[in-house]
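Asks: here's a sequence, model it:
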Amino acid sequence: MPRKIKDTDYLYSATRVRAMERTLFGKPHAERMLEARSMADALKVLQDCGYGDISDTLALEPALSLELTKTYTLIASLISDTSIIDVFRLKYDYHNLKALIKGDALSADNTHMLIDLGRVPAKKMIEMVRMLSFHDMPPVMANAASEARELLARTSDPQVSDFFLDHAMFDEMVSISQKTGSAFLLGYVLLYIDACNLRALVRTERTGGDRGLLRHALAAGGSVGVKRILDASSARTSVAELFSPTKLREAASLAESASDSARPLIDFERAVDNALVSYLSSAKYVAFGEQPLVAYIAAKEAEAVAVRTIVAGRAAGLTPERIRTGLRDFYV
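Replies: The predicted structure is shown next:
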């Protein structure tokens, strides 16, 4: 049964997070990285955000992972119910699970693909998949792992297995969010599912995928039902109206043009991500409660994406103007 959240439960933790927001990576930091004279100077900007000295690009990924680990640990020390953090961490669990199950089926070593930020340590998950012993996983994920492995063996289609695990992940995200009692967190998860479904629709249509593939790709649980999306796709009608009541209305208005494989996806993708940022931004006006903590965790994860985008763009020799087009809105 969902617990009843009181604003005062998060009085101290929200105050701490408000103070920490001052060091979040934002537009001024991005501009300094873009305009820095060298890659070394660009990486030095991250010191202002608490990253310490990053000597070169090879040290970037370990530094980003460490910063997220520190974020999860710090937030966990401030709250009694760490389920809020689990909602964000479980996507790494499912990513790792997908990589390992496919690797096992193909007799390939996919351990280099793992991201050790989930609830289950990557080393432990490797052992569980190799031993086919999932009982130490969270129950929902354990059942999903066993079924996904059997599904892959039966169909030899890793995409279908991936979709199955994605659906299990979304179900678990919704379930955990509901149990926390946070309407704000649940609203974010539902919007996240809607965003993934809208992306699935656009990508399926760009590649000429059939309705059966789209049915596998779409996940239940969002505010826009799977049947409504399938009906709109089948009738070749605009999906903008479906998502108009949500923060995704701008992204949905770009979906038709984005579905044309001859056109770039960047404006659509940016609009999807900006919808999530827009939702989280309402937490700025909450004096105290769980909302600032949820938004802070999401902002730290988006921070890592922004830093990677800038560094990768610079490494590829792109101009600052070109890299800016790939950046999303910032929480701060």
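Asks: secondary structure class for Ile54?
Replies: Secondary structure assignment for Ile54 (DSSP: H, G, I helix; E, B strand; the rest coil): coil.
Asks: that one: neighbouring residues, count only.
Replies: For Ile54, the neighbour count with other C-beta atoms under 10 Å is 21. The way it works is simple: take the backbone N, C-alpha and C, and place the C-beta from them, glycine included.
Asks: nearest residue to it other than its sequence neighbours?
Replies: Leu43 (4.6 Å; C-beta to C-beta, 6 or more residues apart in numbering).
Asks: what helix or strand does that neighbour sit in?
Replies: helix 39-44 (DSSP states H and E).
Asks: helices or strands next to the helix or strand just after that helix in the packing?
Replies: Per DSSP H and E, the first helix or strand lying C-terminal to helix 39-44 is helix 60-78. For helix 60-78, the packing partners by 3 or more C-beta pairs under 8 Å, 6 or more residues apart in numbering; DSSP states H and E come out as helix 11-20, helix 83-106, helix 291-315.
Asks: what's in contact with the helix or strand following the longest one?
Replies: Tracing the chain C-terminally past helix 291-315 and defining elements by DSSP H and E, one meets helix 320-324 next. Residues external to helix 320-324 that are found in contact with it (C-beta atoms under 8 Å, 6 or more residues apart in numbering): 34-35, 309-310, 313-314.
Asks: mind running it again at 6 Å?
Replies: 34, 310, 313 (C-beta atoms under 6 Å, 6 or more residues apart in numbering).
Asks: what residue of this structure is the furthest out?
Replies: Distance from the centre of the chain peaks at Arg37, with 31.4 Å (C-alpha atoms, centre = their mean).
Asks: and it, how close does it get to Ala63?
Replies: According to C-beta to C-beta, to the nearest Å, Arg37 stands 21 Å off from Ala63.
Asks: next: Glu205.
Replies: 38 Å.
Asks: could you do Asn197 as well?
Replies: Counting by C-beta to C-beta, the gap from Asn197 to Ala63 is 33 Å.
Asks: the more surrounded of these two?
Replies: The neighbour comparison of Asn197 against Ala63 (other C-beta under 10 Å) goes to Asn197, with 27 against 18.
Asks: is it true that the more buried one touches Leu218?
Replies: Yes - the criterion here is C-beta atoms under 6 Å, and Asn197 meets it with Leu218 at 5.1 Å.
Asks: ok, Leu11 to Leu74 distance?
Replies: Applying C-beta to C-beta to Leu11 and Leu74 gives a distance of 17 Å.
Asks: just Leu58 next, same as before
Replies: Counting by C-beta to C-beta, the gap from Leu58 to Leu74 is 26 Å.
Asks: who has more neighbours out of these two?
Replies: Counting neighbours by other C-beta under 10 Å for Leu58 and for Leu74 shows that Leu74 has the greater number, 15 against 8.
Asks: from Phe88, how far off is Met113?
Replies: 19 Å.
Asks: more neighbours: those two, which one.
Replies: Using other C-beta under 10 Å as the criterion, Met113 and Phe88 rank with Phe88 on top: 23 against 14.
Asks: didn't Val120 look like it was pressed against His95?
Replies: No - with contact defined as C-beta under 6 Å, Val120 does not count as touching His95 (11.5 Å).
Asks: so for these two, which sits in the more crowded spot?
Replies: A direct count of neighbours by other C-beta under 10 Å for Val120 and His95 places Val120 higher, at 22 against 19.
Asks: what's near enough to touch that one?
Replies: Counted by C-beta under 6 Å, 6+ apart, Val120 has contacts 93, 137.
Asks: can we see that at 10 Å?
Replies: By C-beta atoms under 10 Å, 6 or more residues apart in numbering, the contact list for Val120 reads 89-90, 92-93, 96-97, 126, 128, 134, 136-138, 141-142.
Asks: likewise Ser253?
Replies: Ser253 touches 238-241, 243-244, 268, 271, counting by C-beta under 10 Å, 6+ apart.
Asks: now the buried members of the residues you listed.
Replies: 239-240, 243, 268, 271 (16 or more other C-beta atoms under 10 Å).
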